[in-house]
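1. pasting a predicted model and its sequence here:
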Amino acid sequence: MNAGHRDDAKRVPLTDYVEYGPAEMLSRAAAFAKHLKRRRTVRDFADRPVDPEIVKHAIDAAGTAPSGANHQPWHFVVIQDPARRKALREAAEKEEKAFYEGKGGEEWLQALSPLGTDSSKPFLETAPVLIAVFAQKRGGEKIGQSKKNYYINESVGIACGFMLAALHEAGLVTLTHTPNPMKFLTEICERPADEKPFMLIVAGYPADDATVPEHALIKKTVGEISSWL
Ligand code: IYR
């Protein structure tokens, strides 16, 4: 009765939940927000290597994201091979050049202007971690299945958020990069044609002289981004 689920589907006890006392709960919530507020999108990367185990943990964290029907409609390609990275950079910079030379349209280019981005993407070759995220139209809760997937963008978006938080927690800086269009990733990453290239996540150590745009420090307040009815 009122359980919010049917009892005939096989269920197991919730054993992973830990309840904190009210004071600890509050301080954890505050500390987590404070920690995430220190995250910055960085475009100036050092070429220092990162332990691949850290990347594996970040993928593990991303893979815990909630997803439509628990189909986990994502695949992460860690691109290490220098030849692939060179090809990727060349393809991305070609698209970006067209974008910045006008294809993006006046309003979009004006919105980006305070970020100071342009078509040069050296980090695609120099940053130690480059992960291409793919969204799967078909799949299932197990590898090899080909059922229809649901809420694909929402699911993969949340997984990317988890991954960014995990990399930040490990002490790395990150960049979400979405070359537009990014169909070229399919071939470079050897993925099937029915998977959609979703996002590139770049991570590593910041360059010694790394800077971030002042514009990116403007954040809306809790009062501005929420209504309590
Ligand atoms: N993909 C381009 C343009 C770009 C678009 C948005 I929206 C940004 O927030 C940042 C950049 C690029 O990566 O330069």
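-> Yep, that arrived.

2. write out the residues of the protein neighbouring the ligand.
-> Counting by CB under 6 Å from any ligand atom, the chain comes close to the ligand at 96, 99, 112, 115, 117, 177-180. Yep, even glycine has a C-beta here, placed from its N, CA and C like the rest.

3. under a three-state scheme, what state does the residue nearest to R11 when sequence neighbours are not counted occupy?
-> The spatial neighbour of R11 that comes closest, neighbours along the chain excluded (CB to CB, 6 or more residues apart in numbering), is H5 at 7.6 Å. Three-state call for H5 (DSSP: H, G, I helix; E, B strand; the rest coil): coil.

4. give me the neighbour count for H5.
-> Neighbours of H5 under the rule other CB atoms under 10 Å: 7.

5. among the residues of the chain next to the ligand, name the ones in strands.
-> Among the residues of the chain next to the ligand, the members falling in strands are H177 (criterion: DSSP state E).

6. filter the residues of the chain next to the ligand down to the buried ones.
-> 96, 99, 117, 177, 179 (16 or more other CB atoms under 10 Å).

7. from these, which is closest to R191?
-> Using CB to CB, P179 is the member of these that sits closest to R191, with 15.4 Å.

8. over to that closest one: give its phi and psi.
-> When quoted as degrees, to the nearest 10, the phi and psi of P179 stand at phi -60, psi 150.

9. that one against K94, yeah?
-> No: look at P179 against K94 with CB atoms under 8 Å: they stay out of range, at 9.2 Å.

10. return the residues in contact with Y150.
-> Each residue near Y150 by CB atoms under 8 Å, 6 or more residues apart in numbering is listed here: 68-69, 71.

11. could you redo the last one with a cut-off of 10 Å?
-> 67-69, 71, 73 (CB atoms under 10 Å, 6 or more residues apart in numbering).

12. SS state for it?
-> Y150 - assigned by three-state DSSP - is coil.

13. and the gap between D47 and E214?
-> To E214, D47 is 26 Å away according to CB to CB, to the nearest Å.

14. same check on F184?
-> Distance from F184 to E214, by CB to CB: 33 Å.

15. more neighbours: which of those two?
-> Comparing F184 with E214 by other CB under 10 Å, the one with more neighbours is F184, at 17 against 10.

16. the more buried one: what's it in contact with?
-> F184 touches 87-88, 90-92, 94-95, 197, counting by CB under 10 Å, 6+ apart.

17. which residue does this protein have closest to the ligand?
-> T117 (4.2 Å; CB to the nearest ligand atom).

18. tell me the pLDDT of that residue.
-> T117 carries a pLDDT value of 95.
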